[in-house]
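Kindly generate the corresponding structure for this input.
(one chain, ligands or ions: 1)
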Amino acid sequence: MSTETTNLFGLTQQELAGFFTGMGESSFRGKQLYQWLYARGATDFATMTDLGKGLREKLERSARIAALSRVTSKSSRLDGTTKFLFALEDGLTIESVLIPPARSFLGSDAATEDEQKRLTLCISTQVGCPLDCVFCATGKMGFSRNLTTGEIVGQVLEVRRLTGKKITNVVFMGMGEPMMNYDNVMKAIEVMSTGMRIAARRITVSTAGWADRIRQMADERRRAKLAVSLHSANNATRITLMPVTKRYPLAELISAIEYYYTSTKQRVTYEYIFFDGVNDSEKDVAQLVRLARRVPCKINVIPFHSIGFTGPTGVAAGLRQSPRMERIVEHLRSNNLTVMVRSSAGEDIGAACGQLAIMSGQPSVAQAVQPRGRSSGMRRTTIASRVPVLVPR
Ligand code: SAH
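Predicted coordinates:
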């Protein structure tokens with residue numbers, strides 16, 4: 001693989017058109033390439049017979065299609081969730097988690113046909129994460145780099161290729177903070193929705209609360225759904241759980257969410273883990289109810305998956321799931337709020353919410369392989385995969 005060639009994988013249709021006009025070809029070639037790369041999943045110029053032999057040879061010399069390569073994958077025997085480990089061009093690795101339709105709405109007769117056909121892929125946007133939320137294992141491994149658009153889109157394309165199945169929904173809930181890699185994430189959404197036929201409204205961007213980018217999504221009328229990891233409606237408490245709150249205080253975050261709703265009329269999802277004695281008091285819940293009434297929303301309650309294997313200290317060491325969780329959920333519902341409780345699919349393979357195999361003792365596909373490439377503190381890493389499997393009430 002030559003580093004002098006241009007990697008076409010991950011380029012938008014407009015960027016591909018620019019690439020071709022730059023080499024004296026018609027911009028229409030960009031449209032053809034776009035189809036080949038994302039609709040058909042071509043990885044070799046030789047297969048692109050409608051481009052003409054001369055152009056294909058020119059491409060072989062000047063460009064490449066660097067998709068992801070699978071290192072390994074592992075499926076849960078309990079629930080069919082599958083975790084894929086991919087190698088990036090520089091040898092770092094990332095994971096994606098595929099959640100099968102049967103798990104989407106557990107034991108529910110009411111599941112619609114749409115829900116039964118739903119195949120959700122949870123993908124990463126960064127290698128590691130700089131935000132250091134105390135309850136999340138990803139933060140413990142530090143931050144390596146942002147993923148490129150190609151590496152983001154590649155997760156979806158490869159899983160589609162490997163399974164032969166159509167991915168119907170995508171959630172940006174793997175490793176990393178999508179809003180800190182905004183441009184690549186938005187381009188990836190464009191490619192998925194126009195090139196891979198995954199409607200933007202079936203794509204969810206989950207953020208720890210990067211208020212500026214929420215406003216930007218609103219200004220740009222982005223159609224992907226927005227989820228906000230809230231975890232507390234009290235600024236002081238939220239700072240102890242999510243240090244990003246110092247940069248974007250709750251008031252600023254809420255104001256950005258209101259702005260987003262006013263501009264887009266799309267309801268927002270709040271994610272909330274109830275921790276014993278931290279954010280589960282009557283006062284905490286009352287504050288949550290008040291906040292949740294400000295714009296139309298849905299609350300996803302996530303069970304806490306232990307990160308004990310990371311050797312947590314300080315606040316993180318004392319975190320336990322609230323024994324009051326079910327009662328609180330009932331209370332929220334009695335206040336006419338829409339509340340879903342996620343299940344812990346994939347727990348047996350370390351693919352459930354917040355589970356991250358960077359340390360020994362963690363079930364991980366990464367531990368079965370010898371990572372390639374440059375040395376870093378992340379050689380045995382794999383990502384935290386949050387599994388958005390919803391249990392209806
Ligand atoms: N940075 C983004 C997306 C990645 S985190 C964000 O913060 O939203 C995806 C989801 O997993 C978030 O809602 C996060 O709060 C949740 N999560 C992190 N660690 C967890 C854990 N140990 N148990 C359960 N959920 C966790």
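
what number of residues lie near the closest residue to Glu89 other than its chain neighbours?
Leaving aside its chain neighbours, Glu89 sits nearest to Ala66 (5.5 Å; criterion: CB to CB, 6 or more residues apart in numbering). Glycine gets a C-beta too; all of them are placed from N, C-alpha and C. Neighbour count for Ala66, taken as other CB atoms under 10 Å: 20.

so how far is Asn7 from Ala66?
Noted for Ala66: a distance of 5 Å to Asn7, by CB to CB, to the nearest Å.

Name the residues contacting each of the two.
Gly150 (CB atoms under 8 Å, 6 or more residues apart in numbering).

farthest residue from the center of the protein?
Computed with CA atoms, centre = their mean, the residue of the chain farthest from its C-alpha average is Gly54, at 39.8 Å.

Quick one: residues contacting that one.
The contact partners of Gly54, by CB under 8 Å, 6+ apart, come to none.

Spell out which residues of the stretch 101-250 of the chain are next to the ligand.
Phe135, Cys136, Met173, Glu177, Ser206, Thr207, Ala208, Ser229 (CB under 6 Å from any ligand atom).

thought the last one was touching Val205?
No: with contacts defined as CB atoms under 8 Å, Ser229 does not count as touching Val205, sitting 11.3 Å away.

How about the secondary structure of the residue nearest to Glu89?
With DSSP: H, G, I helix; E, B strand; the rest coil as the basis, Ala66 sits in coil.

For it, which residues are in contact?
Applying CB under 8 Å, 6+ apart, we find Ala66 in contact with Met1, Asn7, Phe9, Glu89, Gly150.

returning to that earlier point: give me the buried entries from the residues of the stretch 101-250 of the chain next to the ligand.
Neighbour counting over these (16 or more other CB atoms under 10 Å) leaves Phe135, Cys136, Met173, Glu177, Ser206, Thr207, Ala208, Ser229 as the buried ones.

export these to TSV and tack on secondary structure and pLDDT?
Output for those, formatted as TSV (DSSP: H, G, I helix; E, B strand; the rest coil; pLDDT from 0 to 100):
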residue	secondary structure	pLDDT
Phe135	coil	94
Cys136	coil	92
Met173	coil	94
Glu177	coil	97
Ser206	strand	97
Thr207	strand	98
Ala208	coil	98
Ser229	strand	98
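
quick check, nearest of these to Arg290?
Using CB to CB, the shortest approach to Arg290 within these belongs to Ser229, at 18.6 Å.

Skipping adjacent residues, who's closest to Phe135 in space?
Leu319 (5.6 Å).

What count of nearby residues applies to the one you found?
For Leu319, the count of nearby residues is 19 (other CB under 10 Å).

can you pull the pLDDT of it?
With respect to pLDDT, Leu319 has a value of 95.

Quick check, it in contact with Ala137.
No: counting by CB under 8 Å, Leu319 does not reach Ala137; the two are 11.8 Å apart.

Common neighbours of these two, please.
By CB under 8 Å, 6+ apart, the residues touching both Leu319 and Ala137 are Ile307.

The residue positioned nearest the centre of the chain: what's it in contact with?
Nearest to the mean C-alpha position of the chain, by CA atoms, centre = their mean, lies Phe172 at 1.9 Å. Neighbouring residues of Phe172 by CB under 8 Å, 6+ apart: Ile123, Thr125, Pro178, Val185, Ile203, Thr204, Val205, Ser206.

For those residues, which single residue is the most surrounded?
Going by other CB under 10 Å, Ile123 tops those with 33 neighbours.

Can you tell me how far that one is from the ligand?
From Ile123 over to the ligand the distance is 10 Å, taken as CB to the nearest ligand atom, to the nearest Å.

Name the nearest of the contacts of Phe172 relative to the ligand.
Distance to the ligand, by CB to the nearest ligand atom, is smallest for Ser206 among the contacts of Phe172, at 3.6 Å.

show me the contacts for that closest one.
Applying CB under 8 Å, 6+ apart, the residues near Ser206 are Val171, Phe172, Met173, Pro178, Ala227, Val228, Ser229, Glu271, Arg386.
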